[in-house]
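Asker: I would like to see how this sequence folds:
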Amino acid sequence: MTNDNIKNSCEKLKAHVTHLEMSNPPLRSLPIPSRPKLALIRAENIPVAFYRYIYAQVGKAHHWEDRRELTDDLLYSQTNHETVEISILYADGCPAGFFELDKQQQPEAIEVRYLGLCKEYQGIGLGKWLAYAAVSAAWAHKPEKVKIQTNTLDHPSALRIYQRIGFSPVATEDVEITPWL
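Answerer: Numbers count the residues shown, from 1 in each chain. Below is the predicted model:
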């Protein structure tokens, strides 16, 4: 790799972030898809190695960065904190995606902090169902509102799906993100 390639590979990516909120639970839900066989299981005491695996499988393509460089101890304390709720989606027994709720602002708000599918499970209708499942899990805690954000590096359908569920944009911002090499 030349010095120019190294320099270019470290350049920041620009992303447009949309912050969304909903003040009422969705009017409808989606039935669990019949194929593949699915199980959505809440993870308790999630091991750091497994969290790093699922975070990378889902987030690498979208350059998620918040938890990428954390030490094991800090990552464990964040992912296993009493205000964090993580649910793992399994398809035919394999990890297929996850969502994570941040309940720090409860009862005012719960944020769907992470939500996504592994590449192998995208494009078959699971993303919309998982988004509804995450929102339903958040509303089960009876907050005043549920929040989520997405950006232009996320899956191209994310914003549209969130708005169909009932989220409304409340703010936008432009950010720079370190690429996941």
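
Asker: By mean pLDDT, which helix or strand of the chain comes out lowest?
Answerer: Sorting the helices and strands of the chain by mean pLDDT, DSSP states H and E puts helix 3-9 at the bottom, at a mean of 44.

Asker: Skip ahead from that one and say which helix or strand is next.
Answerer: Moving toward the C-terminus from helix 3-9, the next helix or strand (DSSP states H and E) is strand 13-22.

Asker: For that next one, name the packing helices and strands.
Answerer: strand 145-151, helix 158-165, strand 168-177 (3 or more Cβ pairs under 8 Å, 6 or more residues apart in numbering; DSSP states H and E). C-beta coordinates here come from the backbone N, C-alpha and C atoms, glycine included.

Asker: And the longest one, what's buried?
Answerer: Using 16 or more other Cβ atoms under 10 Å as the burial criterion, the residues of strand 168-177 that qualify are I177.

Asker: elements contacting that strand?
Answerer: Counting contacts by 3+ Cβ pairs under 8 Å, 6+ apart, strand 168-177 is packed against strand 13-22.

Asker: and the helix or strand following the strand it packs on, which residues are buried?
Answerer: Next helix or strand after strand 13-22 toward the C-terminus (DSSP H and E): strand 38-43. Residues of strand 38-43 classed as buried: L38, L40, A43 (neighbour count, 16+ other Cβ under 10 Å).

Asker: again with stretch 62-72
Answerer: Those would be H62, H63, W64, R67, L70, for stretch 62-72 by 16+ other Cβ under 10 Å.

Asker: For the last one, give its distance to L40.
Answerer: This points to L70. Noted for L70: a distance of 25 Å to L40, by Cβ to Cβ, to the nearest Å.

Asker: For Y51, which three-state class applies?
Answerer: Three-state call for Y51 (DSSP: H, G, I helix; E, B strand; the rest coil): helix.
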